[in-house]
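> everything below, folded, please.
(2 chains)
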2 protein chains.
Amino acid sequence: MTTKKTSMRTHTCGDLTAKDIGGTVTLCGWMDVKRNHGGVVFMNLRDLYGITQIVVRPESPVFKPTDELKSEYALKITGKVVPRPPESLNTKIATGEIEVEASDLEILNTSQPLPFDLGEHAGVLEETRLKHRYLDLRRRKMAHNLVLRSRVAGIARAYLSSLDFNEIETPLLTRSTPEGARDFVVPSRANPGKFYALPQSPQVFKQVLMASGLDRYFQLARNFRDEELRSDRQPEHTQIDIEMSFVTEADIAAVVEGMMSRIFSSIGDTLDAPFPEMEYSDAMSRYGSDKPDLRYGLEIADVSEIFRDSGFKVFSGAIKSGGHVSALTMSGAGISRSLIDRLEETLKKQNAKGLPWIRWSDPAKPESPIVKFFTPEEMEALRKQLDIKPGQLTFFGVGAGYAPFIHMGILRTEFISDKKLAECAGLEKPAKKWAFLWVRHFPLLEKDAQTGRWTFTHNPFTAPLPEETAKLDTDPGNVRSCQYDLVLNGVELGSGSARNHTRAMQEKIFGLMGYSKEEIAEKFGMLVNALDFGAPPHAGIGIGFDRLVGIICGTDSIRDVIAFPKTASGACPLSESPAPLDEAQLKELHLRITP
Amino acid sequence: MTTKKTSMRTHTCGDLTAKDIGGTVTLCGWMDVKRNHGGVVFMNLRDLYGITQIVVRPESPVFKPTDELKSEYALKITGKVVPRPPESLNTKIATGEIEVEASDLEILNTSQPLPFDLGEHAGVLEETRLKHRYLDLRRRKMAHNLVLRSRVAGIARAYLSSLDFNEIETPLLTRSTPEGARDFVVPSRANPGKFYALPQSPQVFKQVLMASGLDRYFQLARNFRDEELRSDRQPEHTQIDIEMSFVTEADIAAVVEGMMSRIFSSIGDTLDAPFPEMEYSDAMSRYGSDKPDLRYGLEIADVSEIFRDSGFKVFSGAIKSGGHVSALTMSGAGISRSLIDRLEETLKKQNAKGLPWIRWSDPAKPESPIVKFFTPEEMEALRKQLDIKPGQLTFFGVGAGYAPFIHMGILRTEFISDKKLAECAGLEKPAKKWAFLWVRHFPLLEKDAQTGRWTFTHNPFTAPLPEETAKLDTDPGNVRSCQYDLVLNGVELGSGSARNHTRAMQEKIFGLMGYSKEEIAEKFGMLVNALDFGAPPHAGIGIGFDRLVGIICGTDSIRDVIAFPKTASGACPLSESPAPLDEAQLKELHLRITP
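As a prediction, this is how the structure comes out:
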């Protein structure tokens, strides 16, 4: 720990142990707790690294001055390291064997009374925590989150550097590109009426770097999206951004798996690599989600074949018009009728028509309003396909396309993510702590609900699967892409693809999306020009760094792993931003505010 | 080099040597040069790592296809590694012992004809280079600059991490703070009429982190300044930003010296650390600059004492009214009368009244229009103080305050920085490659020329020297500060200070600058509030990363070490930013453009 010695301290508050006994030390830190025991003053002196007990005896020259010490005063204390009396040994902290008998004490700074208690679990409004972030970050858990974040970033960087990746900074004052969300813009004083845009990602620049021959790029990049904020969104967020030349998706996957293995091994966990892969279509039909949480089984079944000719028209009708009937089976003892009603309401908001179910308390005597419509053969086939055990309960989804699977997937996620529901469904605590998964081969295109035109599912630069490019002309909706998402415990952690690396293919795909040559040149000129000079095959990925650190730190809110986050309305209560500009500034920028 | 193997290549174009002979390899890269020698095709295949010679013999199945290959086509080539015939061995490149006999060839991408030649020294307009940056960056020197930049960043990070610094990201969407330059602003759609500002530095946030107890912070931070651009300025630039708690300036200096030693040792150079320190007042009076280039001697002398009672009123008059006469002496043989006239013009633009000089071809017979005014005793004293040698020439500066020294300092810099002038003055090539220097104890305050009020010389957060705080009330203009600049070869590389860590001192200094309590709360509330809860003594520095890398790469323009820089007008010819917004976007932002 000698690296943290400074000209003001000999040790930190986390350093001293029995082997330091007898030495004279100087510590700096904050007064955490002060108490008077039979005329002797005891204080806890705290810094980032730990807590050291300070003793001030009545005969000490600094005994009197301890009167004026209050919580969070910054102190410099010199004294002798002595063993603690046996009754006050503390095995829970590293410094628990010793205390420091103060012979000198300097108040480095005083403190106002605190607006809230720094105790770990104090129920303070988030707005108040953010306004006094300098106090909030003194909590051990919060400070630890930021230290861990720094360490994870360091591991990622060291790992990528060891593979000869170069970290290259791309511009933050750049040009708007249509990537799905709104851009933040920056007026240019030197160019009245013109604006820079803050990047939603370094996507186009990193592709240009590949065209530049830079071969292996990474960046811990700041991205900006002017979206409606939700609990897990911030207007600026950080991404581990990677791009490689002369590769296929498999190379990217290997790099990411190696990086994640290093990161998780630093917290003592071993990952199984390579990570499992799943076709997008499988993820959708087996889990009703493109980011299934594989810590849990709870697989969805397609029971359409059983009910194709059923007398129950709700099922057979949907199946005959090309739809499906899906089934999700779990332990049913804890699932009440009122819970079923509540789940049905949830699904109805997602356009489900209802939530049929069968309770198998005794599999031979299924209970449900719908069993009367089924033949004994249908019931037997169902029991067999679902491998029904006594006490289970099956939910059904009915509809077109992936809808019946998505509806069961929503139920699955509800049961997994809510502790109480998981108990109701008898879900066991997962054996696996970290379930990584690659979801591959997303559709290249989907119909935009508003315009009816083809649009990209992830980004417009993703390449179609080489063996399916012929279908671009005949059946573009069924072309699969080189898109792969990285999923961890049901969270989409990253998204990558092999890119279109020829101008011809990129323009063809822009064309399918309805862009004219002129629009392509106007909006994507930089990219298509770069592709036109021998750009190499390349692929890459962007991994949400805030989310990754949040998952590792075990917090639901990425605000707990960002030093100075914004509130849900995009404000910073600490700096009081955003703020109005004065008239002179607006005039210089050639701007006027309109109502 | 096996780390760079991918699923498309077995080796890079820089890997293969004699020990690979006999093996079959697959390489990917760009066609650099193609020539036909007696019916055999030779090509140079190039990637980031090197160049490999490819041979295609007439009997090869891919002989015919080489016809269509043009410069900068992206190729994948498989073949056998064979020794080069003795006459074509190339000892200049790593792969010069071998060539690859192509048996398979795939065109991965074609290329348009290049708009300019990629030869290292092609005289291409910078605008054109930036527009086709993906080609410009294929030049070995440019790519090497970015690789080196990444490596230097990695060394800085690893070093700081080894000292338990945490890299903490501070927000880029924040609030305007008055730090000298104009802010770029970002309208908030969610908060009509309000704006974020992009940070000029993380200064206030890093001080808040110290108040948060985070002890040791660093960040490779992006900073933004909306200034008139000059050749060495960019609207966004990168800074190695450091802040520590419970330290004095000496701790910061030690950290920076250690970091620089690591960085320079990675390019094979050993630095002398600790770096020399110089008082600001000494730097000004001995070198006429607060960033003297100490690779050269060429010290300025103060000869005022000699001429205090001189009959030459230009000198004695200035001295009697409190001013000084300075002298700069150098070899004079190469300095013509017309050069002296030119230098005089330069100084007159800096408010010098003239440029007196004495030529000492024979020191006993000085030549100059002014010697007739001097007594033999004055001349003798001058020769003695300046230690005049035959053939030298002395320039004089006259005026109040530091002005006569600054004028000589400007001459000194002219002679040092211009190769031709250095030759004229007989300057020898410096023995030292890297001259680092700390310039310390800048004045805390200076008078603002426009308002006549006290203002900060560097930033408003710098602490006064503790032993001079009493003078804040009586003689604020003569209070020295804890400000220290890091100078390398005459370039200001970084600027740091110990900060005001109590609210009382920070408010006192804001008060001296004329801020009312209300203005302090409005503009600096976040900082003074944080100081008010036991903020620790802290100090830090910001080091210009672009400049540092530029100096290491030996380029005068930081644009050569930034992947995608802006032009002098703040434009990016590649992405064509900044660009107009459409009406809908402006409306959403509640903005209108004014003329």
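> can we go C-alpha only for contacts and neighbour counts from here?
Fine.
> list the buried residues in stretch A:417-428.
A:421-427 (16 or more other CA atoms under 10 Å in any protein chain shown).
> tell me who's in contact with the nearest residue to residue A:404 once chain neighbours are set aside.
Leaving out its chain neighbours, the residue that sits closest to residue A:404 by CA to CA, 6 or more residues apart in numbering or on different chains is residue A:397, at 4.3 Å. Residues near residue A:397 by CA atoms under 8 Å, 6 or more residues apart in numbering or on different chains: A:324-327, A:352, A:355-356, A:403-405, A:407-408.
> where's residue A:397, which helix or strand?
Assessed by DSSP states H and E, residue A:397 sits inside strand A:392-399.
> check the offset of that strand from the chain's centre.
Between the centre of strand A:392-399 and the centre of its chain there are 31 Å (CA atoms, centre = their mean, to the nearest Å).
> mean confidence (pLDDT) on it, please.
Strand A:392-399 shows a mean pLDDT of 97.
> show me what the following helix or strand past that strand is packed against.
Toward the C-terminal end, the helix or strand that comes next after strand A:392-399 (DSSP H and E) is helix A:403-417. On a contact count with 3 or more CA pairs under 8 Å, 6 or more residues apart in numbering or on different chains; DSSP states H and E, helix A:403-417 meets helix A:280-287, strand A:300-302, strand A:324-331, helix A:337-349, strand A:392-399, helix A:419-424.
> hey, least reliable of the ones you listed by pLDDT?
helix A:419-424 - the lowest mean pLDDT of the helices and strands packed on helix A:403-417, at a mean of 90.
> list of residues touching the very next helix or strand once past that one?
Sequence-wise, the next helix or strand downstream of helix A:419-424 (DSSP H and E) is strand A:436-440. For strand A:436-440, the external contacting residues (CA under 8 Å, 6+ apart) are A:275-280, A:283, A:290-291, A:294, A:482-489.
> and residue A:104, backbone torsions?
Main-chain dihedrals, residue A:104, degrees, to the nearest 10: phi -140, psi 150.
> check which element follows the helix or strand residue A:539 falls within along the chain.
Taking DSSP H and E as the definition, residue A:539 sits inside strand A:538-544. Counting by DSSP H and E, the element after strand A:538-544 in chain order, helix or strand, is helix A:545-553.
> that following helix and chain B, any residue contact?
No - Helix A:545-553 does not reach chain B (CA under 8 Å from any CA of the partner chain); its nearest approach is 11.0 Å.
> just the CA atoms of that helix, as CSV, please.
Provided in CSV are the C-alpha atoms of helix A:545-553 (Å, rounded to 0.1, in the frame of the first residue of the first chain):
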residue,chain,number,x,y,z
PHE,A,545,-20.3,-0.6,-20.4
ASP,A,546,-22.6,1.0,-17.8
ARG,A,547,-24.9,-2.1,-18.0
LEU,A,548,-22.0,-4.5,-17.7
VAL,A,549,-20.7,-2.8,-14.6
GLY,A,550,-24.2,-2.5,-13.2
ILE,A,551,-24.7,-6.2,-13.5
ILE,A,552,-21.3,-7.0,-11.9
CYS,A,553,-22.1,-4.5,-9.1
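> so what touches that helix?
A:145, A:148-149, A:152, A:237-240, A:493, A:556-558, A:560-562.
> skipping adjacent residues, who's closest to whichever residue of the stretch 201-350 of chain A sits closest to chain B in space?
Of all residues in the stretch 201-350 of chain A, residue A:212 sits closest to chain B, with a separation of 4.2 Å (CA to the nearest CA). Nearest non-adjacent residue to residue A:212, counting by CA to CA, 6+ apart: residue B:134, 4.2 Å away.
> so who does the one you found touch?
Contacts of residue B:134 by CA under 8 Å, 6+ apart are A:208-209, A:211-213, A:530.
> ok, now with 10 Å
Counting by CA atoms under 10 Å, 6 or more residues apart in numbering or on different chains, residue B:134 touches A:205, A:207-214, A:526-527, A:529-531, A:533, A:535, B:563-564, B:574.
> before we move on, what about residue A:149?
Residue A:149 neighbours (CA under 10 Å, 6+ apart): A:143, A:155, A:545-546, A:548-550, A:552-553, A:561-562, B:166-169.
> closest to residue A:80 among those residues?
For these, the residue nearest residue A:80 by CA to CA is residue A:143; the value is 28.8 Å.
> thank you kindly, that will do.
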